[in-house]
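Peer 1: no FASTA, just this:
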């Protein structure tokens, strides 16, 4: 998986803090190239098995290198989700996509408010 060099230090601080608390943060997806995003969108558009909704190429926050999908399969009660909810904002990370508990982005302007998710993210 690729991590943006621009925020590698912030990303590493987040996952190392989680590890120090006994919570591992496996990364499922990080930075995506335009061709990778096009591949994922095409799979979704064609409703191929194993493909989830993906933004159109050029419109994914994964392409700016600041979005990360962690191996999280649920909300409250999931140790990774609970840890990120409590500690993600301290490291500048918040949820930015509705109904995707695994999708967190480095967005310090939102995180400094203390919120763990961006406005408009209901669940």
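Peer 2: Cool, got the structure. From a predicted model like this one, the values you see are computed outputs, not experimental measurements.
Peer 1: the worst-scoring helix or strand of the chain on mean pLDDT pairs with which strands?
Peer 2: Lowest on mean pLDDT, DSSP states H and E among the helices and strands of the chain sits strand 27-29, with a mean of 87. Strand pairing for strand 27-29, using DSSP bridges, gives strand 67-70 (antiparallel).
Peer 1: that older thread, what's the least confident helix or strand of the chain in contact with?
Peer 2: 1, 3, 15, 62, 68, 69, 70, 71, 102 (CB atoms under 8 Å, 6 or more residues apart in numbering). Yep, even glycine has a C-beta here, placed from its N, CA and C like the rest.
Peer 1: let me know the pLDDT of the residue in the chain sticking out farthest from the centre.
Peer 2: Distance from the C-alpha centroid of the chain, by CA atoms, centre = their mean, peaks at residue 46 (24.1 Å). In this model, residue 46 is scored at 96, pLDDT.
Peer 1: just residue 2 next, same as before
Peer 2: You'll see residue 2 listed with a pLDDT of 76.
Peer 1: equivalent analysis for the one 4 residues further on, please.
Peer 2: The confidence metric pLDDT takes the value 86 at residue 6.
Peer 1: list the contacts of the nearest residue to it once chain neighbours are set aside.
Peer 2: Distance criterion CB to CB, 6 or more residues apart in numbering; nearest residue to residue 6, sequence neighbours excluded, is residue 65 at 6.0 Å. If you count contacts by CB under 8 Å, 6+ apart, residue 65 has them with 2, 3, 4, 5, 6, 7, 30, 31.
Peer 1: which SSE is the closest residue to residue 116 other than its chain neighbours in?
Peer 2: Using CB to CB, 6+ apart and skipping the chain neighbours, the partner closest in space to residue 116 is residue 85 (4.8 Å). For residue 85, the host element (DSSP states H and E) is helix 79-87.
Peer 1: helices or strands up against that helix?
Peer 2: Here helix 79-87 touches helix 8-20, going by 3 or more CB pairs under 8 Å, 6 or more residues apart in numbering; DSSP states H and E.
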